[in-house]
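**Student:** Structure for this input, please:
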Amino acid sequence: MAITQGLAKEIPQVTQSSPEQSQAQLSGLPSPSQSWDGIAMDVYKYFNCDFFDASDKHKSEMRDIYEYAKGRSNGMTGDIIQKIEELEHRLGTPQIGETRLGKMSNYIRVLRNISDMNKQRRALERGYRSF
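**Tutor:** As a prediction, this is how the structure comes out:
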């Protein structure tokens, strides 16, 4: 018995998908700009929080953290997550009974209050100078 090798009788056709076909294939995947209640889905994923069952407290804490990081980044989701990680590393681990969300949210609220008080102080100083 002789073993013969031959060429394939038909050449397989290579088809290139059009942008519409590839978009249809990717439509099931979440886009980078998807959000739930004003918070990017990646932030929920970073904090390992279920976006559908998250409590109002968790959502408000995540919204504070998200807005803080968004203001200090270029607005891209990856950069926002990086800013959240930097803040978390700077603050360190939470105390016993304290959550990561709670610790970061409290810090951001304190920063916001300090900023508001400084604005009020400057406005009052300007007002006193005009007399």
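
**Student:** could you pull out the strands for this structure?
**Tutor:** Per DSSP state E, the chain carries strands over the ranges 35-36, 39-40.

**Student:** What helices and strands are in contact with the last one?
**Tutor:** Of the remaining helices and strands, those touching strand 39-40 by 3 or more CB pairs under 8 Å, 6 or more residues apart in numbering; DSSP states H and E are helix 56-71. For every residue, glycine as well, the C-beta is placed using N, CA and C.

**Student:** Now do the buried residues in the helix it packs on.
**Tutor:** Buried residues in helix 56-71, counting neighbours by 16 or more other CB atoms under 10 Å, are found at 58, 59, 61, 62, 64, 65, 66, 68, 69, 70.

**Student:** cool, and stretch 76-92?
**Tutor:** Within stretch 76-92, the residues scored as buried using 16+ other CB under 10 Å are 77, 80, 81, 83, 84, 87, 88.

**Student:** how much space between the fifth one and residue 68?
**Tutor:** Counting by CB to CB, to the nearest Å, the gap between residue 84 and residue 68 amounts to 8 Å.

**Student:** now swap in the second one and tell me
**Tutor:** Here the criterion is CB to CB. By it, residue 80 lies 10 Å from residue 68.

**Student:** returning to that earlier point: a markdown table for the buried residues of stretch 76-92, including pLDDT?
**Tutor:** Supplementary listing: these in a markdown table, determined by pLDDT from 0 to 100:
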| residue | pLDDT |
| --- | --- |
| 77 | 83 |
| 80 | 89 |
| 81 | 90 |
| 83 | 91 |
| 84 | 91 |
| 87 | 91 |
| 88 | 91 |
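
**Student:** Cross-check the contact I'm expecting between residue 77 and residue 40.
**Tutor:** Yes: counting by CB atoms under 8 Å, residue 40 is a contact partner of residue 77 at 5.3 Å.

**Student:** out of the buried residues of stretch 76-92, which one sits closest to residue 118?
**Tutor:** Lowest distance from residue 118 to these (CB to CB) belongs to residue 87, with 20.3 Å.

**Student:** Helices along this structure, start to end?
**Tutor:** Secondary structure of the chain, counting by DSSP state H: helices at 19-26, 41-46, 56-71, 77-91, 100-129.

**Student:** Mind telling me which of the ones you listed the model trusts least?
**Tutor:** Across those, helix 19-26 has the smallest mean pLDDT, namely a mean of 51.
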